[in-house]
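Asker: Make a model of this:
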Amino acid sequence: MSNENEPAKLLLPYLQRADELQKHEPLVAYYCRLYAMERGLKIPQSERTKTTSSLLVSLMKQLEKV
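Answerer: The predicted model follows:
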């Protein structure tokens with residue numbers, strides 16, 4: 001994600017917070033990831049890069065496990 005215009009960068013703060021909270025507040029971590037997923041899905045398909053798309057797929061799989 002070295003590209004400045006990488007849409008996935010908008011999701012990173014929520015995903016980083018989820019990782020921080022996972023051990024002690026797993027429910028809050030889940031909702032951080034869910035919010036990141038919702039924001040990611042609002043990114044227009046035409047603006048999504050391969051990195052963003054693969055991040056969303058990975059995130060969706062992670063959310064489905066819970």
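Asker: OK, contacts around the residue of the chain positioned farthest from its centre?
Answerer: Residue farthest from the centre of the chain, counting by Cα atoms, centre = their mean, is residue 24 at 19.7 Å. By Cβ atoms under 8 Å, 6 or more residues apart in numbering, the contact list for residue 24 is empty. C-beta coordinates here come from the backbone N, C-alpha and C atoms, glycine included.
Asker: Where does it sit: helix, strand or coil?
Answerer: coil (DSSP: H, G, I helix; E, B strand; the rest coil).
Asker: cool, residue 35 as well?
Answerer: Three-state assignment for residue 35 (three-state DSSP): helix.
Asker: and the residue farthest from the centre of the chain, backbone torsions?
Answerer: The phi and psi torsions at residue 24 (degrees, to the nearest 10) take the values phi -100, psi -20.
Asker: measure it to residue 65 for me?
Answerer: 19 Å (Cβ to Cβ, to the nearest Å).
Asker: buried sites along the lowest-mean-pLDDT helix or strand in the chain?
Answerer: Within the chain, no helix or strand scores below helix 50-65, which has a mean of 95 by mean pLDDT, DSSP states H and E. Residues of helix 50-65 classed as buried by neighbour count (16 or more other Cβ atoms under 10 Å): 52, 55, 56, 59.
Asker: Would you check that the last one makes contact with residue 12?
Answerer: No - counting by Cβ atoms under 8 Å, no contact exists between residue 59 and residue 12, whose distance comes to 11.4 Å.
Asker: How many residues are close by residue 17?
Answerer: For residue 17, the neighbour count with other Cβ atoms under 10 Å is 16.
Asker: got the contact list for the closest residue to it other than its chain neighbours?
Answerer: Nearest non-adjacent residue to residue 17, counting by Cβ to Cβ, 6 or more residues apart in numbering: residue 32, 5.1 Å away. Residue 32 makes contacts with 14, 15, 17, 18, 21, as judged by Cβ under 8 Å, 6+ apart.
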